[in-house]
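Engineer: All I have is the shape, not the residue letters:
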C-alpha cells in the first residue's frame, strides 16, 4: 500500500489495495495495523515537544530511554508497573502493554506514534465505510504488536474489533475424553491478528493491512463480547495485583 499519512482515507486505500486479491468478498476480515489507524488519526507526537519531568528523567536513567520519550509514555499511561532496560511496563486503556503503546517504529524521524483513539469505534467506522461500497458481510480488526511474558518476539493482539464476535465461548463443550470445558474462551480476534502479522511483518514491508478469507467466525452487527476484560476477571491480575490506581 502507499505510505499512510495523517488524515489518510483508509477505507479507500484498503479498497484500492484489495484489488490485488480480487477485491473484498463476502465474509472477508480486514486486519489493519494500529500504527496505520493512529497515523490516519494524526496521533503523532514530536519528541522535541516533550518537556521531561523529574520522574521522566529518573525512569529514563533506569530504562536507558530518552527522557522526552519517557515523558510521552507517562502522559499516555494509565499506570506504570515497572521499568526494565529499554521498556516501561504500563496499563493503557485496560491493556497491559510496553511503553503505553508509544512507538518509534515506522514513525517519521523525530516523532512517535501513539495508540489509536477509541479503536473499537475506529474499526466500526472503517467497516461502515467499506460496506457502503462492498456487498456482503465483513469484519474489521485493528491489530497491535504485543509481547507475552517469558516469550521471545511479538505476536498480534486485537485492540479494536467490528463486524465479528471477537471471542468464542467454549464453556459446556466437551474435550476428547468427554470432560466439560469450564472456563475456556477462544480469543479468535487475537488469533486472527497474530495470523495477519505473519504477512504484515514489522519493518519496511509496507503491508499495513491483510485480508483473511474463509475464517470460521461469527459475523455480527454488534459483538456481544469484548477483547478486554476487567482486572477482576484476569488470572494474571489476581496473581500479581495489577489492578488499582496509578
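Structural biologist: Happy to help now that I have it. Predicted model, so just to flag it, every value in this text is computed and none were measured.

Engineer: got the contact list for the helix or strand that contains residue 38?
Structural biologist: Residue 38 belongs to helix 34-40 when elements are defined using DSSP states H and E. Contacts with helix 34-40, where a contact means CB atoms under 8 Å, 6 or more residues apart in numbering, come from 4-8, 10, 44, 101, 103, 105-107, 113-116, 119, 122, 142-144, 159-160, 208-209. No exception for glycine: its C-beta is placed from N, CA and C like everyone else's.

Engineer: With stretch 74-88 instead?
Structural biologist: Contacts of stretch 74-88 (CB under 8 Å, 6+ apart): 50, 53, 55-56, 59, 62-65, 70, 73, 89-93, 96, 98-102, 114-115, 242, 244-246.

Engineer: now this structure, which segments are flagged as low pLDDT?
Structural biologist: Applying pLDDT under 70 to the chain flags residues 238-246.

Engineer: 80 instead, please
Structural biologist: Across the chain, residues meeting the criterion (pLDDT under 80) sit at 202-203, 231-246.

Engineer: which residue is nearest the middle of it?
Structural biologist: The centroid of the chain falls nearest to residue 144 when counting by CA atoms, centre = their mean (3.0 Å).

Engineer: Excluding chain neighbours, what is closest to it?
Structural biologist: Distances taken as CB to CB, 6 or more residues apart in numbering place residue 34 nearest to residue 144, at 4.0 Å, with adjacent residues excluded.

Engineer: how many other residues sit next to that neighbour?
Structural biologist: 27 (other CB atoms under 10 Å).

Engineer: can you list the residues that contact the helix or strand where residue 11 lies?
Structural biologist: Using DSSP H and E, residue 11 falls within helix 10-18. The contact list for helix 10-18, computed with CB under 8 Å, 6+ apart, reads 1-2, 4, 23-24, 30, 32, 36-37, 40, 126, 129-130, 133-134, 209, 211.

Engineer: Now, of these, which are buried?
Structural biologist: Buried by 16 or more other CB atoms under 10 Å: 1, 4, 24, 30, 32, 36-37, 40, 126, 129-130, 134, 209, 211, out of the contacts of helix 10-18.

Engineer: could you dump these to TSV with secondary structure and distance to residue 184?
Structural biologist: Below are those laid out as TSV (DSSP: H, G, I helix; E, B strand; the rest coil; distance: CB to CB, whole Å):
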residue	secondary structure	distance to residue 184
1	coil	37
4	coil	37
24	coil	32
30	strand	27
32	strand	28
36	helix	32
37	helix	30
40	helix	36
126	helix	31
129	helix	35
130	helix	32
134	coil	34
209	strand	30
211	strand	28
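
Engineer: so which two of those are the farthest from each other?
Structural biologist: Across the buried ones among the contacts of helix 10-18, no pair lies farther apart than 4 and 134, at 20.3 Å, counting by CB to CB.

Engineer: From residue 132, how far off is the residue nearest to residue 144?
Structural biologist: 23 Å (CB to CB, to the nearest Å).
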